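S.K.: okay, predicted coordinates and the sequence, questions at the end:
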Amino acid sequence: MFIKEYLRIMLEMMLLSTTFSPVILGNRTALTGGSRKVVDSGPNDHIFIYYADHGGPGVLGMPTSPYLYANDLIDVLKKKHASGTYKSLVFYLEACESGSIFEGLLPEGLNIYATTASNAEESSWGTYCPGDYPGPPPEYETCLGDLYSVAWMEDSGIHNLRKETLRQQYQLVRRRTANQNSYYGSHDNNALQLPSKAVNQRDADLLHFWHKFSKAPEGSVRKFEAQKQLADAMAHRTHIDSSIKLVGKLLFGIEKGPEVLKNIRPTGQPLVDDWDCLKSLVRTFETHCGSLSQYGMKHMRSIANICNAGIKQEQMAEASAQACVSFPSSSWSSLHMGFSA
């Protein structure tokens, strides 16, 4: 019953970034539609939050735009602590660069234990993908899970969670994900048959389109559709990558531009000093160049670095307009997908 209720709450919460706060804080009156379930907890309760979606530096994906930014998530956790409505809170987070959500932002003393699928600089991994062994049933042309989530769920399934500590599970999951599925440690004699490889999460959609294309009969509508989906996705990636690079060069010069965009702040510092600036520049870029999309989330660090360098919205607008002389059409348009901020 707990798992069913938990999954239902999480499913409804994920519909919009604006519902994250009221669900976690137990504010039922702020919700409309659905079951209006919230985390109605008290001072002696232990809370477990599992969040899985696409992500990028400082940002988490949502089924619909806008995305959830790290500072907003941390603000919710601070408010939850201030309300005195939990004894401890465990947060498992699956997303690319998910370490950036907490780094330099989560203060001491909140009694929150958080683990993430990756550090602040790396992608996470998909698993049980087409071509793996064991892999998904033949009718599935997509990865069935992500390595971090599969690792902790499978570990939970074979161990006594009344005896296994969070630290023990963290160490096992960390070793498995760090080696991209090649290792599964145990502190007893249980073992699992593991997929043979893992796939970069940002390439999971390409893998899906490729398998859809390769399995479709020659000359079929399905094969044509898959080929177009793959070509469109690749073209979008090229457009976003080249546009961000050109914006950097226009703002900082040909030599300094790439250096600014690739800069990684020292460990322990948050991604950006001004989160409102980041959101503003993301929206400005998408206005002129189209949606970043799930793939383009990886460029959030570059846009954060532009903010940290003191660039204003007007300067970003001018550079973006020059970099993207034509507005993207079809499904990659920001008018179609919505803005990320």
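M.R.: Now that the structure is in, tell me what you want to look at.

S.K.: what's the first helix or strand after the helix or strand of the chain with the lowest mean pLDDT?
M.R.: Comparing every helix and strand of the chain by mean pLDDT, DSSP states H and E singles out helix 2-13 as the least confident one, with a mean of 45. Where DSSP states H and E defines the elements, the next helix or strand beyond helix 2-13 is helix 20-25.

S.K.: now what about that next one, what contacts it?
M.R.: 9, 12-13, 27-28, 30-31, 37-39, 49, 68, 72-73, 76-77, 79-80, 83 (C-beta atoms under 8 Å, 6 or more residues apart in numbering). Just so you know, the C-beta spots here come from the backbone N, C-alpha and C atoms, and that holds for glycine as well.

S.K.: mind redoing it with 7 Å?
M.R.: Contact partners of helix 20-25, identified using C-beta atoms under 7 Å, 6 or more residues apart in numbering, comprise 9, 13, 30, 31, 38, 39, 68, 76, 79, 80, 83.

S.K.: and the closest residue to residue 85 other than its chain neighbours, how far from residue 23?
M.R.: Spatially, and ignoring its direct neighbours in sequence, residue 85 is nearest to residue 41 (4.7 Å; C-beta to C-beta, 6 or more residues apart in numbering). When C-beta to C-beta, to the nearest Å is the yardstick, residue 41 and residue 23 sit 11 Å from each other.

S.K.: which of the two has more neighbours?
M.R.: Counting neighbours by other C-beta atoms under 10 Å for residue 41 and for residue 23 shows that residue 23 has the greater number, 22 against 19.

S.K.: state the pair within the contacts of helix 20-25 that is farthest apart.
M.R.: Greatest spacing in the contacts of helix 20-25, by C-beta to C-beta: 68 and 83 (19.8 Å).

S.K.: of the two, who's got more company?
M.R.: For residue 68 and residue 83, the more surrounded residue by other C-beta under 10 Å is residue 68, and the numbers stand at 23 against 12.

S.K.: list the beta-bridge partners for that one.
M.R.: In this entry, residue 68 is beta-bridged to residue 60, by DSSP bridges.

S.K.: surely it and residue 58 touch.
M.R.: No - checked against C-beta atoms under 7 Å, the pair residue 68 and residue 58 is beyond contact range at 10.1 Å.

S.K.: distance check, the closest residue to residue 40 other than its chain neighbours against residue 39.
M.R.: Counting by C-beta to C-beta, 6+ apart, the nearest residue to residue 40 once its immediate chain neighbours are dropped is residue 26, at 4.9 Å. For residue 26, the distance to residue 39 (C-beta to C-beta) stands at 6 Å.

S.K.: tell me which of the two has more neighbours.
M.R.: Neighbour count, other C-beta under 10 Å: between residue 26 and residue 39, residue 39 has more, with 20 against 15.
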